[in-house]
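# Using only what follows, build the 3D model:
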Amino acid sequence: MPIDKHLLSYDIKTGYKKGERTFENATIDYAQMEGINLENIVFKNCRFNFSSFRYSKLKNSKFIKCEFFFGSFFGSDLENVMFENTRLEITRFDTAIFNKTVFKNRHFNYASMIDTNINAADFRKCIKFNIFINPKDITEEDLKKGLNLLGPAIEKLDIGIKTHIKSVLNKYSNETNVNIPAGDLAVKNSYGKEQCSYTNKKNSYKGQEARGYVALSDLFDEIINAYKDEQPRKKSTYDKKDKY
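Below you'll find the model as predicted:
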């Protein structure tokens with residue numbers, strides 16, 4: 001079925017609170033559904049862009065025929081969760097709880113599953129490109145290719161968000177000495193530094209071999225929270241009333 005509506009975080013949280021469990025045929029952009037209980041929820045034919053379920057409880061939930069672009073399930077409880085016929089592009093699952101988690105007939109491209117019990121997940125007929133389970137495996141070339149995927153999507157965003165994300169990418173490039181050839185988003189290192197100055201606030205990874213992952217972790221969080229942090233004036237009145 002065609003996608004025929006746009007849903008906000010407020011719509012999902014409020015509907016769930018009222019007992020609604022199935023949401024379908026919707027675009028869900030910049031949804032901040034972090035640290036909440038959404039157990040037994042079902043999403044069908046939904047497109048998620050820059051949306052976060054960070055540390056949420058999603059036990060027994062289903063994502064069917066969905067698409068994720070730059071999404072986060074960091075630290076989420078994914079016990080008995082089914083992802084079926086779902087495409088994930090630049091999606092983060094680091095530290096998520098896998099337990100009878102099923103990925104069926106789905107497409108991965110740049111997914112991070114670091115610090116997860118990946119053996120507790122069942123991958124059935126999946127197409128996998130660039131799945132990272134060790135921070136040391138993330139190379140500079142991986143970062144460049146992944147960030148290049150952002151170009152077309154970011155150019156379509158509101159000017160305030162786009163400007164903010166470009167500034168984040170520029171800071172990332174300067175502090176990691178990685179030039180990002182992302183089309184109109186291209187930024188070049190201006191300091192010539194060999195050392196990454198990011199501090200690792202999220203895990204115990206240290207040293208030059210993991211600096212890409214550490215920096216990428218901070219970069220990911222800043223981009224996915226760009227709408228919330230950068231443009232409160234443009235958030236809908238629904239978001240402002242959201243007390244869930």
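
# so where's the chain shaky on pLDDT?
Applying pLDDT under 70 to the chain picks out residues 1, 146, 151, 153, 156-158, 173-212, 214-216, 226-244.

# where exactly do the strands run in this structure?
In the chain, the strands defined using DSSP state E lie at 5-6, 22-29, 42-49, 62-64, 67-72, 77-79, 82-84, 87-92, 97-99, 101-104, 107-112, 121-124, 127-132.

# of all the ones you listed, which lies closest to residue 12?
Of all the strands of the chain, it is strand 22-29 that lies closest to residue 12, at 6.2 Å by Cβ to Cβ. The C-beta positions use only the backbone N, C-alpha and C, and glycine is treated the same way.

# Can you list the helices and strands that the closest one packs against?
Packing partners of strand 22-29 (3 or more Cβ pairs under 8 Å, 6 or more residues apart in numbering; DSSP states H and E): strand 5-6, helix 9-17, strand 42-49.

# what would the ones you listed look like in JSON lines with mean neighbour count?
As requested, these are exported to JSON lines (neighbours: other Cβ atoms under 10 Å):
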{"stretch": "strand 5-6", "mean neighbour count": "12"}
{"stretch": "helix 9-17", "mean neighbour count": "18"}
{"stretch": "strand 42-49", "mean neighbour count": "20"}
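
# Just put these in a markdown table and tack on distance to residue 84.
Below are the helices and strands packed on strand 22-29 laid out as a markdown table (distance: least, Cβ to Cβ, whole Å):
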| stretch | distance to residue 84 |
| --- | --- |
| strand 5-6 | 22 |
| helix 9-17 | 19 |
| strand 42-49 | 10 |
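
# related to what we said a few turns ago, so which of the strands of the chain is nearest residue 160?
strand 22-29 (14.5 Å).

# What's the separation between the closest residue to residue 91 other than its chain neighbours and residue 110?
Once flanking residues are discounted, residue 91 sits nearest to residue 71: 4.5 Å by Cβ to Cβ, 6 or more residues apart in numbering. Using Cβ to Cβ, to the nearest Å, residue 71 is found at 11 Å from residue 110.
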